[in-house]
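[1] Fold the following for me, if possible:
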Amino acid sequence: MMISTRGRYALRVMIELARSTENGYIPMKRIAQRQRISLKYLEQILPVLVKNGLLDGVHGKKGGYRLTREIADYRIGEILRLTEGDLAPVACLGCDAKECARSADCITLPMWSEFYRLTNEYFDSITLADLLRQQKDEPSELPEASELPKALCDH
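    This next block holds a predicted model:
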């Protein structure tokens with residue numbers, strides 16, 4: 001499973017807005033500049049977040065975007081599922097998947113099901129507040145980038 005730029009950029013937008021909660025509405029142009037994301041790409045991502053109630057958007061001269069809830073109430077899993085779609089590792093586990101004719105005999109299905117459960121559980125355990133705490137060098141449960149298993153890529 002690979003998270004696309006759409007999901008990663010949505011997280012960056014949400015983090016940018018979380019950092020600016022006391023500044024009211026933040027213009028899309030400012031978000032694009034600060035995060036180095038094209039306006040065209042943001043025009044695809046932001047409406048999804050607004051439509052699903054994660055952001056409030058206002059058009060016009062003093063318009064922009066802001067969070068609709070406290071930063072601790074935003075789960076990373078929710079943001080990724082909205083922008084990426086289902087996080088299922090195989091097609092047969094997807095939300096709209098038709099029942100697979102092989103599911104009764106599929107020896108790998110339990111493995112994929114557990115991976116899917118763990119992935120969603122992990123992303124749902126992290127909030128925007130957790131990510132901001134990690135950036136401020138406050139105690140965090142998240143691993144440092146240097147602690148990630150690079151040996152997994154050696155094949």
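
[2] Which residues are in contact with the nearest residue to residue 131 once chain neighbours are set aside?
    Using Cβ to Cβ, 6 or more residues apart in numbering and skipping the chain neighbours, the partner closest in space to residue 131 is residue 15 (6.1 Å). C-beta: built from backbone N, CA, C; applies to glycine. Neighbouring residues of residue 15 by Cβ atoms under 8 Å, 6 or more residues apart in numbering: 128, 131-132.

[3] Next, the buried residues of the helix or strand hosting residue 15.
    Using DSSP states H and E, residue 15 falls within helix 5-19. Neighbour counts over helix 5-19 (16 or more other Cβ atoms under 10 Å) mark 6-7, 9-18 as buried.

[4] what do you get for stretch 17-33?
    Neighbour-count burial for stretch 17-33, counted by 16+ other Cβ under 10 Å, picks out 17-18, 20, 25-26, 28, 31-32.

[5] Could you do stretch 53-71 as well?
    54-55, 64-65, 67, 71.

[6] What of stretch 108-120?
    So, applying 16+ other Cβ under 10 Å, buried residues of stretch 108-120: 109, 113, 115-116, 119-120.

[7] Residues touching that stretch, excluding its own?
    The contact list for stretch 108-120 (Cβ under 8 Å, 6+ apart) reads 1, 77, 87-90, 92-93, 103.
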